[in-house]
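Colleague: model this:
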Amino acid sequence: MDTVSRTALSLTHRCDPMRMKEPFRISGYLFEGIPAVIATLGDGRHAGRGEAAGVYYLNDDRAHMESEIERVRDAIEQGADRQALQHLLPAGGARNALDCAFWELESLQQQRPAWDLAGVPRPRPLVTTFTLPAEDPAYLLARLPGFAHAKSIKLKLSGDLAADTARVETVRRARPDAWIGVDANQGFVSDDLDALVAMLVAQRVSLLEQPLRRGDEQALRGWRSPVPVAADESILNLEELEQLGDLFQVMNIKLDKCGGLTEALAMAALAARMGMQVMVGNMAGSTLSTAPAFVLAQLCQLVDLDGPSSLADDPLADSIYEDGMVMVPAAYWGHA
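Modeller: All right, here's what the predicted structure looks like:
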């Protein structure tokens, strides 16, 4: 992959509140919005953009991202490129925003689509999951008519096995046709795993994402699940994938976690070599954050890119989803 040349750049950034249509509950958190930082890199002719929401469970919030961006301002404006950025900042939201801005800038400078620069196939529409919160069954039933288009549904769990069983049974009865995965967001302990998986098998659930707390992964060693188990919070970046990937069957890559598309592509390649399925997700960002994730999605077996659909004011969200699929036009981010 080529990178932009070492020429002086201008750097600006701003915050967007990213309000959600409705409060969204997961295990341990209730979100009303996920504030994002949008960075722009300009060379006087072209401007590249990158959006990041950070990693909420690591306190990687707006203030931290903006501070990190400012910390490397001088280096970037004096000519540091995308590869140099990988060493200037650790994985996280700030590096993601800047890395994606570099990618778009490079695409425009070279007049090559970002997917071509990344070495992935020409983008095509992909089935994406649409996510239901960890709410009571009556709430889920009221929401499900709005998910009639969804071919794949991801249901958030709370860590309360009885309540989660009721949630899963409710969704499965209403949607016997759908692919269903669940995301526990670290809500369970190892003693719950056998009962949890038995319930998931009975309800024909196809994926169990992040059942245990980050740091408790070794409890999975030697445990065999008939439902594939995905790492999300447990594996943030390439180094952690090398260390812990053998404990999981699926790797959920998020650009905010790993620090941008550059490392995400390397993670996808490594996960595939390790025999893992590759999944792409995001932190409920806008179409701008979904665009580089959609480039990565062309390499993935599982796609979870419904973020823009949950926002109150993303003007492009209605145009990128159709019939349970997502398609971000190449012209929206970078050169067409």
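Colleague: Show me the helices in the chain, by range?
Modeller: Remark: helices assigned in the chain by DSSP state H are 62-71, 73-77, 82-88, 93-110, 114-118, 137-143, 161-174, 193-202, 238-244, 255-258, 261-273, 287-297, 317-320.
Colleague: average pLDDT across stretch 172-184?
Modeller: Mean per-residue pLDDT for stretch 172-184: 98.
Colleague: Looking at the helices of the chain, which is nearest to residue 22?
Modeller: helix 137-143 (8.7 Å; Cβ to Cβ). Backbone N, C-alpha and C define where each C-beta goes, glycine included.
Colleague: Give me the contact list for the closest one.
Modeller: Applying Cβ atoms under 8 Å, 6 or more residues apart in numbering, the contact partners of helix 137-143 are 132-133, 135, 155, 166-167, 169-171, 174.
Colleague: among those residues, which ones are buried?
Modeller: 132-133, 135, 155, 167, 170-171, 174 (16 or more other Cβ atoms under 10 Å).
Colleague: Can you tell me the strand partners of the helix or strand bottoming out on mean pLDDT in the chain and which way each runs?
Modeller: Lowest mean confidence among the helices and strands of the chain (mean pLDDT, DSSP states H and E): strand 29-33, at a mean of 87. Partners of strand 29-33 in the sheet, by DSSP bridges, are strand 19-26 (antiparallel).
Colleague: For the partner strand, C-alpha coordinates in CSV please.
Modeller: Provided in CSV are the C-alpha atoms of strand 19-26 (Å, rounded to 0.1, in the frame of the first residue of the first chain):
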residue,chain,number,x,y,z
ARG,A,19,-27.4,11.7,19.1
MET,A,20,-29.3,8.4,18.9
LYS,A,21,-32.9,8.0,17.9
GLU,A,22,-33.7,6.3,21.2
PRO,A,23,-31.6,5.4,24.3
PHE,A,24,-29.8,2.2,23.7
ARG,A,25,-29.1,-0.3,26.5
ILE,A,26,-26.3,-2.9,26.7
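Colleague: quick one: buried residues of it?
Modeller: 20, 24-26.
Colleague: Any chance of the residues you listed in CSV with distance to residue 114 and pLDDT as columns?
Modeller: As requested, these are arranged in CSV below (distance: Cβ to Cβ, whole Å; pLDDT from 0 to 100):
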residue, distance to residue 114, pLDDT
20, 27, 93
24, 29, 88
25, 34, 90
26, 30, 90
